[in-house]
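1. Show me how the following folds:
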Amino acid sequence: MSTRRHIPPYDFQYRFKVGRDFAGRVLIDFYGARFNFKPSEYWTGLMEKGEITVNRERVVPGHVLAQGDIVHTWRR
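-> I've put the predicted structure just below:
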């Protein structure tokens, strides 16, 4: 009898509140600095698909962040 279980894939959400250190910076720079384990093209693709939003609105990679903005990332 196996003790392993199969868990079906599920969606999860990352939320980040923009602080003073990233206010006034471009969204793609935020992801490049915070998550440098993936190339910027990866994050740009997610933004274009609407899987990365700011204050629950779709944005372009050149969006300028303001202090207090909430950045959402939905992934499976």
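
2. contacts for the longest helix along the chain?
-> Using DSSP state H, we find that the single longest helix of the chain is helix 40-49. Contacts made with helix 40-49 from outside it, assessed by C-beta atoms under 8 Å, 6 or more residues apart in numbering, are listed as 27-28, 31-32, 35, 52, 58-61, 73. To be clear about C-beta, it is placed using only N, CA and C from the backbone, and glycine gets the same treatment.

3. Show me those that map onto helices.
-> 27-28, 31-32.

4. Dump the longest helix of the chain to PDB, keeping only the CA atoms.
-> What follows is helix 40-49, C-alpha atoms only, in PDB (Å, rounded to 0.1, in the frame of the first residue of the first chain):
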ATOM      1  CA  SER A  40      12.100  39.200 -18.100                       C
ATOM      2  CA  GLU A  41      10.500  37.600 -21.300                       C
ATOM      3  CA  TYR A  42       8.700  35.100 -19.100                       C
ATOM      4  CA  TRP A  43       7.200  37.800 -16.900                       C
ATOM      5  CA  THR A  44       6.300  40.000 -19.900                       C
ATOM      6  CA  GLY A  45       4.400  37.000 -21.400                       C
ATOM      7  CA  LEU A  46       2.400  36.600 -18.200                       C
ATOM      8  CA  MET A  47       1.500  40.300 -18.100                       C
ATOM      9  CA  GLU A  48       0.300  40.100 -21.700                       C
ATOM     10  CA  LYS A  49      -1.900  37.100 -20.900                       C
END
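
5. rewinding a little: buried subset of the ones in helices among the contacts of helix 40-49 as a ChimeraX selection?
-> Those of the ones in helices among the contacts of helix 40-49 that count as buried under 16 or more other C-beta atoms under 10 Å are selected in ChimeraX with:
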select :27,28,31
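
6. Any chance of CSV for the ones in helices among the contacts of helix 40-49, columns distance to Q67 and pLDDT?
-> Shown next, in CSV, are the ones in helices among the contacts of helix 40-49 (distance: C-beta to C-beta, whole Å; pLDDT from 0 to 100):
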residue, distance to Q67, pLDDT
L27, 14, 93
I28, 18, 93
Y31, 17, 88
G32, 19, 87
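
7. Below-threshold pLDDT in the chain: ranges please.
-> The chain contains residues with pLDDT under 70 at 1-2, 75-76.
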